[in-house]
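Novice: sequence first, predicted model second:
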Amino acid sequence: MLAVFLILATDACTTFRYYAQSVSGQMSLLSKRQSINQVIATPGIQDATREQLERINDIREFASQHLHLPENNSYRSYADIGRDYVVWNVFAVPEFSLQPEVWCYLFVGCLSYRGYFSEENAQRYARELEQQGLDVFVGGVAAYSTLGWFDDPVLNTMLKWDRVRLAKVMFHELAHQLIYIKDDTGFNEAFADTVAQVGVRRWLIATVQYELQMKFDQEMQRENQFVDLVSRYKEKLVALYNNKALSENTKRMQKNSLFTQMKEDYFRIRSTWDTDEGYDKWFEAGLNNARLAAVITYRQYVPGFLALLNSSNNELSTFYDVVSTLGKCELSLRHRVLSARLPKFDC
């Protein structure tokens, strides 16, 4: 899972310790940056590392020249942070709800997750939330955007990916720098994911990588099946949680039953695939409201954004203008337009 993370976070519940780990973590990361071109020219660099960095340079140029994403110094430097994830995001949701808890931050507004540069600190905070009766999920993040406040580097956490995932993540994070609406995580993540999906397809076509394009289309088809499954069970769970005639114990039992049914439905779908695309691990880790909410946050409005792109004649510059205008509308209207996949709207 990918995320936006900003270092200077503050609200009434923020502790000095959280503030300090955010600042020190970001500063440590920035201090490790080197120009990608300098790293490529380093004597003795491994061939695989050099090839990945050269590929990243090409993807970065495509992003600005063909996807009209920001032309700046983000993803033109490299930092080896010596671990597999750069931050760990904590999601928390009430036991009988799919509405995530939110934390409010300086500059970026409120987000439906809280990030830590230390897995230990993230897990400690998650345990505190669990003790409050919340469903909790902690997800490692291999890349994030500071929304242009800093020149974000490529991280060693990204080099293990194949070229398609590299492109998708870079397009996603650069899209956050282009358009970001305060206090609307679902809008921001779905917009960035839409740009990433469209961008990868255009990149693969432009660079004549047709076999990878077919593979990517198959992956996206399976991802859509997974998201559709999550969305169906989201509706069932919301109906259960809103049923005032049921006791908490009854809701708890039926909730567990729905999660069991969801897992069974997934493995029926999975039986038609030749690979699990990583979803087996997601299900085996255990289901709760927070895990479902994390998926919904990132993908709920993607079809709505695709509808706006289609109504923009698939011109990205026009699409960005439309999205920027929609971002100025009142939040409930934004969500209504995207949920109904309306091609046009009036604030």
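Specialist: Yes, it's here.
Novice: quick check, pLDDT for residue 8.
Specialist: Predicted confidence (pLDDT) at residue 8: the value is 41.
Novice: ok, now residue 213?
Specialist: 94.
Novice: pairing partners for residue 35 in the sheet, please.
Specialist: Beta-bridge partners of residue 35, counted by DSSP bridges, are residue 77.
Novice: can I assume residue 99 sits in a strand?
Specialist: No - going by DSSP: H, G, I helix; E, B strand; the rest coil, the assignment for residue 99 is coil, not a strand.
Novice: how about it, nearest residue that isn't a chain neighbour?
Specialist: residue 93 (6.8 Å; C-beta to C-beta, 6 or more residues apart in numbering). The way it works is simple: take the backbone N, C-alpha and C, and place the C-beta from them, glycine included.
Novice: list phi and psi for the one you found.
Specialist: With angles defined as degrees, to the nearest 10, residue 93 sits at phi -140, psi 140.
Novice: same check on the one 3 residues further on?
Specialist: Main-chain dihedrals, residue 96, degrees, to the nearest 10: phi -120, psi 60.
Novice: can you pull the contacts of it?
Specialist: With contact taken as C-beta atoms under 8 Å, 6 or more residues apart in numbering, residue 96 is in contact with 240-241, 248, 251, 255.
Novice: doesn't residue 86 make contact with residue 157?
Specialist: Yes - at 5.8 Å, residue 157 counts as touching residue 86 under the criterion of C-beta atoms under 8 Å.
Novice: these two: which is more packed in?
Specialist: residue 86 (24 against 20; other C-beta atoms under 10 Å).
Novice: ramachandran coordinates for residue 277?
Specialist: phi 60, psi 20.
Novice: where does the residue nearest to residue 316 when sequence neighbours are not counted land on pLDDT?
Specialist: In space, and not counting its chain neighbours, residue 316 is closest to residue 68: 5.3 Å by C-beta to C-beta, 6+ apart. What the model reports for residue 68 is a pLDDT of 98.
Novice: can I assume residue 68 sits in a helix?
Specialist: No - per three-state DSSP, residue 68 lies outside any helix segment and is coil.
Novice: contact partners for it?
Specialist: Counted by C-beta under 8 Å, 6+ apart, residue 68 has contacts 316-317, 320.
Novice: for it, give its distance to residue 195.
Specialist: Applying C-beta to C-beta, to the nearest Å, the value for residue 68 to residue 195 is 10 Å.
Novice: residue 83 now?
Specialist: Taking C-beta to C-beta as the measure, residue 83 falls 28 Å from residue 195.
Novice: these two - which one has more neighbours?
Specialist: The neighbour comparison of residue 83 against residue 195 (other C-beta under 10 Å) goes to residue 195, with 29 against 14.
Novice: let me know the pLDDT of the nearest residue in space to that one that is not next to it in sequence.
Specialist: Among residues not flanking residue 195 along the chain, residue 175 sits closest, at 3.9 Å (C-beta to C-beta, 6+ apart). On pLDDT, residue 175 comes in at 97.
Novice: just residue 149 next, same as before
Specialist: On the pLDDT scale, residue 149 gets 87.
Novice: residue 33 too?
Specialist: Note on residue 33: pLDDT of 95.
Novice: for it, grab phi and psi.
Specialist: Geometry field for residue 33 lists phi and psi as phi -70, psi 140, criterion degrees, to the nearest 10.
Novice: which ones are touching it?
Specialist: Taking C-beta under 8 Å, 6+ apart as the test, what residue 33 contacts is 77-79, 151, 153.
Novice: picking up where we left off before, dump the residue contacts of the residue nearest to residue 99.
Specialist: With C-beta under 8 Å, 6+ apart, residue 93 has these contacts: 99-101, 134-136, 288-290, 293.
Novice: beta-bridge partners for it, please?
Specialist: Beta-bridge partners, per DSSP bridges, of residue 93: residue 135.
Novice: wait, isn't residue 80 in contact with residue 154?
Specialist: No - counting by C-beta under 8 Å, residue 80 does not reach residue 154; the two are 10.0 Å apart.
Novice: neighbour-wise, which of those two wins?
Specialist: Shown here are residue 80 and residue 154; by other C-beta under 10 Å, residue 154 has more neighbours (26 against 15).
Novice: can you give me every residue that contacts residue 344?
Specialist: Residues in contact with residue 344 (C-beta under 8 Å, 6+ apart) are residue 311.
Novice: can you tell me which helix in the chain is longest?
Specialist: helix 210-241 (DSSP state H).
Novice: downstream of that helix, the next helix or strand is which one?
Specialist: Sequence-wise, the next helix or strand downstream of helix 210-241 (DSSP states H and E) is helix 248-270.
Novice: just want the angle from that following helix to helix 210-241.
Specialist: 160 degrees (axes from the mean of the first three to the mean of the last three C-alpha atoms, to 10 degrees).
Novice: helix 248-270 - contacts with which helices or strands?
Specialist: Helices and strands touching helix 248-270, by 3 or more C-beta pairs under 8 Å, 6 or more residues apart in numbering; DSSP states H and E, are helix 210-241, helix 279-284.
Novice: who are the neighbours in contact with the closest residue to residue 116 other than its chain neighbours?
Specialist: The shortest distance from residue 116 to any non-neighbouring residue, by C-beta to C-beta, 6+ apart, is to residue 122 (3.9 Å). Contact analysis of residue 122 by C-beta under 8 Å, 6+ apart lists 88-90, 115-116, 138.
Novice: try 10 Å this time
Specialist: 85, 87-90, 114-116, 138-140 (C-beta atoms under 10 Å, 6 or more residues apart in numbering).
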